[in-house]
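K.L.:
sequence and predicted structure are below.
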Amino acid sequence: MHIDWWTLALQTVNVLILVWILGRFFFRPIMEVVAKRQQEANKLLEDAARERDEAVNMRAEADKVRANIAARREDLIAAARAEVQSEKQNMLAQTSQELAKLRADADAAIVRDRAAAEAQLIAHAGDLSVEIARRLLGRVPHRVLLRTFLDEICAEVQSLPAEARDGVAAAVTTGRQVEVVTAAPLSDQEMQNVSATLEKAFGAELPLVFRSDPAIIAGIEVHGPNTIIRNSWAADLERIRRELKA
């Protein structure tokens, strides 16, 4: 087999020239295009990765915001419940105070009404007792009543302290009068009898002045300078009224 080295050399040169031409005018632009496309693809991948990271961050931020909103919502609900409970307690306390005030006012009104009713009843009983006393006394002879009350007032005079009796008896020396009050006017004989009895009880002569006052109902009252001795139904009824009011 015969090899033509010149032909082989020329063909080799042609191949090299073809490879250079291909590399210079075909493969390089293609490589540049491929490199450019690779760069664009890398850029797209980087953009996609960045957008994905941004999306992840946005989702995390959204989750955080949503969690904050949920927590804020729970706080608002808790605050609203606390405010409602506080308002409820305040309303209950205010209602209790108002009820207590109403109860106290009602109790006070009951006490006032009861006191007024008792006072009215006592007043009515006093008036009724006075009327009954007047009717009963109308059946008793005047001289009997006078003797009875005169004896009782003499007994009261005897029970007085010595200073009180001496004070009434001293009216003689001081020029002051001692007043004897009866329910009905006395006759001259009755006045003399009363004067003698009282002077005996006081142990001294008294400057007596007589007057009548139907308000005492029955009995005798001695009004001295510093001492008043009452033995009358009016005084007894007044004492009973005070005891009933106590």
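P.N.:
Nice, thanks for sending it over.

K.L.:
ranges for the strands of the protein?
P.N.:
178-182, 208-212, 219-223, 228-232 (DSSP state E).

K.L.:
give the other helices and strands that the first one contacts.
P.N.:
Spelled out, that is strand 178-182. strand 208-212, strand 219-223 (3 or more C-beta pairs under 8 Å, 6 or more residues apart in numbering; DSSP states H and E). For glycine as for every other residue, the C-beta is placed from the backbone atoms N, C-alpha and C.

K.L.:
and this protein, what are its domains?
P.N.:
64-139, 140-245 (automatic domain parsing).

K.L.:
now do the longest one, average pLDDT.
P.N.:
Domain 140-245 comes out with an average pLDDT of 81.

K.L.:
between the lengthiest helix in the chain and strand 219-223, how many degrees?
P.N.:
Ranked by residue count, the top helix of the chain under DSSP state H comes out as helix 28-137. Counting by axes from the mean of the first three to the mean of the last three C-alpha atoms, to 10 degrees, helix 28-137 lies at 100 degrees to strand 219-223.

K.L.:
still on that earlier bit, nearest to F202, out of the helices and strands packed on strand 178-182?
P.N.:
strand 219-223 (9.0 Å; C-beta to C-beta).

K.L.:
with adjacent residues omitted, what lies nearest to G203?
P.N.:
Nearest residue to G203 in three dimensions, chain neighbours excluded: A169, at 6.8 Å (C-beta to C-beta, 6 or more residues apart in numbering).

K.L.:
could you tell me how many residues sit around the one you found?
P.N.:
17 (other C-beta atoms under 10 Å).

K.L.:
so it makes contact with A201?
P.N.:
No - look at A169 against A201 with C-beta atoms under 8 Å: they stay out of range, at 10.2 Å.

K.L.:
before we move on, back to that, can you say which of the domains of the chain is packed in most?
P.N.:
Stretch with highest mean neighbour count among the domains of the chain: domain 140-245 (a mean of 16; mean count of other C-beta atoms under 10 Å).

K.L.:
any idea how far E163 is from T227?
P.N.:
From T227 across to E163, the span is 9 Å (C-beta to C-beta, to the nearest Å).

K.L.:
for L145, same thing?
P.N.:
As for L145, its distance to E163 is 31 Å (criterion: C-beta to C-beta).

K.L.:
extract the CA atoms of stretch 176-187 and return them as CSV.
P.N.:
Output of stretch 176-187 as CSV, limited to C-alpha atoms (Å, rounded to 0.1, in the frame of the first residue of the first chain):
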residue,chain,number,x,y,z
ARG,A,176,-94.9,86.0,147.5
GLN,A,177,-98.2,84.1,147.2
VAL,A,178,-98.8,80.3,147.0
GLU,A,179,-101.4,79.4,144.4
VAL,A,180,-103.9,76.6,144.9
VAL,A,181,-105.4,75.3,141.6
THR,A,182,-108.5,73.1,141.4
ALA,A,183,-110.5,71.8,138.5
ALA,A,184,-113.7,73.6,139.7
PRO,A,185,-114.1,76.8,141.8
LEU,A,186,-114.3,76.2,145.5
SER,A,187,-116.8,77.5,148.0
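
K.L.:
what residues does that stretch touch?
P.N.:
Residues from elsewhere that reach stretch 176-187 (C-beta atoms under 8 Å, 6 or more residues apart in numbering): 142, 146, 168, 171, 194, 198, 206-214, 216-225, 232.

K.L.:
quick one on the thing from earlier: between the helices and strands packed on strand 178-182, which one is closest to K64.
P.N.:
strand 219-223 (103.6 Å).

K.L.:
for the closest one, packing partners?
P.N.:
In terms of contact count using 3+ C-beta pairs under 8 Å, 6+ apart, strand 219-223 is assigned the packing partners helix 142-159, strand 178-182, strand 228-232, helix 233-245.

K.L.:
hang on, the earlier thing: would a markdown table of the strands of the chain with distance to A115 be doable?
P.N.:
Formatted as a markdown table, these follow (distance: least, C-beta to C-beta, whole Å):
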| stretch | distance to A115 |
| --- | --- |
| strand 178-182 | 33 |
| strand 208-212 | 36 |
| strand 219-223 | 31 |
| strand 228-232 | 28 |
